[in-house]
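Peer 1: model this:
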Amino acid sequence: MKLLIVDDDPLVCQSLTLLLDREPDIDIVATAQNGAEAIDACRTSLPDTILMDIRMPNMGGVEATREIKHQWPQVRIMMLTTFQDEQNIRLALLAGADGYLLKSTDTTSMAKHLRALSSGSSVLDHSVLQQLTQPQVGEFDELTPREKDIVQLVAEGFSNKEIAQHLYISEGTVRNTLSVILEKLMLRDRTQLAIFYWRQR
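Peer 2: Residues are numbered from 1 along each chain as shown. Just a heads-up that it's a prediction; the model follows:
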């Protein structure tokens, strides 16, 4: 396994390099301290697996993951972070990350998970998986009454034009409001929004 380690803390990079390089089947080909450096390292070092921090200066891990997956879709990316909040988890996975581990994971387990990732499996830390599968409490209630009306109509299959006619607003207002709703709920498109609505029922 040719591994690239990406973290803005040089000590983290150094520690992970020293610990994981002891594994006979893991070859640390490069390290990087932000997303832009990670993209450059992919060009020069050709890793097949990446350990990627999420929050870094200049370019974060989510943006870097999206760009790397676009240019090198075969590269496997494991997000490694201290952040357990659902927003970061979903953003990373939507960007194309193949796995998500916490920095508190011990090195032996990390190596095992990296091997699983490299072989084609998706890897989610148990606490991360719990975070994803727990009911989303209160999110729908945070929407305004008008936003809730639009979500319901989207879930019932109405087009933007039909929603505009139904609520006596412009199509542009419907589009803008939908963008706000998707951002609030951390969803990607109308299909996910409809699924979200029916799960709340």
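
Peer 1: Can you list the neighbours in contact with stretch 106-118?
Peer 2: 1, 3, 16, 19-20, 23, 25-26, 48-49, 51, 76, 78, 80, 98-99, 101, 105, 123 (Cβ atoms under 8 Å, 6 or more residues apart in numbering). Backbone N, C-alpha and C define where each C-beta goes, glycine included.

Peer 1: Please point out which parts of it sit buried.
Peer 2: By neighbour count on 16 or more other Cβ atoms under 10 Å, the buried set for stretch 106-118 is 110-111, 113-118.

Peer 1: Which ones among those map onto helices?
Peer 2: Among these, the members falling in helices (DSSP state H) are 110-111, 113-118.

Peer 1: What is the nearest of those to residue 181?
Peer 2: residue 117 (33.2 Å; Cβ to Cβ).

Peer 1: Lowest mean pLDDT among the helices and strands of this protein, which one is it?
Peer 2: Each helix and strand of the chain was given a mean pLDDT (mean pLDDT, DSSP states H and E); the minimum falls on helix 126-133 at a mean of 61.

Peer 1: Most widely separated two among the buried residues of stretch 106-118?
Peer 2: Every pair of these checked by Cβ to Cβ; the farthest is 110 and 118, at 12.4 Å.

Peer 1: Go through the helix or strand harbouring residue 69 and flag the buried ones.
Peer 2: In the assignment (DSSP states H and E), residue 69 maps to helix 61-71. The neighbour-count check on helix 61-71 (16+ other Cβ under 10 Å) flags 61-69 as buried.

Peer 1: Which helix or strand lies directly C-terminal to the least confident helix or strand of the chain?
Peer 2: Helix 126-133 is succeeded, C-terminally, by helix 145-155 (DSSP H and E).

Peer 1: That next one - what's its average pLDDT?
Peer 2: Throughout helix 145-155, pLDDT has a mean value of 94.

Peer 1: again, but for stretch 107-118
Peer 2: 91.

Peer 1: what's the domain layout of this protein?
Peer 2: 2-132, 140-200 (automatic domain parsing).

Peer 1: Can you tell me which of the buried residues of stretch 106-118 comes closest to residue 165?
Peer 2: Taking the buried residues of stretch 106-118 together and measuring to residue 165 by Cβ to Cβ, the closest member is residue 117, at 48.5 Å.

Peer 1: any idea how far residue 108 is from that closest one?
Peer 2: 15 Å (Cβ to Cβ, to the nearest Å).

Peer 1: Could I get the contacting residues of the residue nearest to residue 171 when sequence neighbours are not counted?
Peer 2: Spatially, and ignoring its direct neighbours in sequence, residue 171 is nearest to residue 164 (4.7 Å; Cβ to Cβ, 6 or more residues apart in numbering). Shown in contact with residue 164 (Cβ under 8 Å, 6+ apart): 170-171, 173-174.

Peer 1: Count the neighbours of the closest residue in space to residue 74 that isn't next to it in sequence for me.
Peer 2: What sits nearest to residue 74 in space, not counting adjacent residues and going by Cβ to Cβ, 6+ apart, is residue 48, at 7.3 Å. Neighbour count for residue 48, taken as other Cβ atoms under 10 Å: 15.
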